[in-house]
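Chemist: Generate a structure from the sequence data that follows.
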Amino acid sequence: MVEKKSIMKNLIIISILSVFFSLPLYADDDSNFCNNPQAWDHINSMVENNPDDIPLQILHALKIGLCVKIGQNSISSPEAVHLFNDMVDTMAEKRDQEKKQEGKEVL
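Modeler: Residues are numbered from 1 along each chain as shown. Below you'll find the predicted structure:
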């Protein structure tokens with residue numbers, strides 16, 4: 001049973017890392033953060049294909065919320081991009097720490 005959990009964790013880690021390193025997820029163009037159909041297609045597809053990937057779900061929800069805030073003029077696009085990219089980095093660091101911790105437990 002422990003082995004199945006470990007395999008599932010590894011699959012989720014691989015999934016998340018592939019998300020973090022895919023170009024459409026990282027927001028690098030302030031003006032297109034909310035208006036890039038390819039980026040939306042990409043993240044929506046990933047969310048649909050990985051419904052149990054909580055960090056991915058969090059990033060998706062964050063992007064939706066930030067775009068709502070931009071539409072309300074309560075946050076600027078550059079601020080939203082900065083917040084989103086910070087969260088991507090935070091999630092990647094967390095996954096890296098979990099992977100290192102998991103490796104220590106195996107030894």
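Chemist: So for stretch 40-50, what gets flagged as buried?
Modeler: Neighbour-count burial for stretch 40-50 flags 40, 42-43, 46-47, 50 (criterion: 16 or more other C-beta atoms under 10 Å). Placement of C-beta: from N, CA and C, glycine included.
Chemist: swap in stretch 47-64?
Modeler: Using 16+ other C-beta under 10 Å as the test for burial, stretch 47-64 gives 47, 50, 53, 55-56, 59-60, 62-63.
Chemist: okay if I get the buried residues of stretch 40-50 as a markdown table plus secondary structure and pLDDT?
Modeler: Formatted as a markdown table, those follow (DSSP: H, G, I helix; E, B strand; the rest coil; pLDDT from 0 to 100):
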| residue | secondary structure | pLDDT |
| --- | --- | --- |
| Trp40 | helix | 91 |
| His42 | helix | 91 |
| Ile43 | helix | 91 |
| Met46 | helix | 91 |
| Val47 | helix | 94 |
| Asn50 | coil | 91 |
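Chemist: List just the nearest of those residues to His82.
Modeler: Using C-beta to C-beta, Ile43 is the member of those that lies nearest His82, at 17.8 Å.
Chemist: Now the closest one: closest residue in space, sequence neighbours ignored.
Modeler: His60 (5.6 Å; C-beta to C-beta, 6 or more residues apart in numbering).
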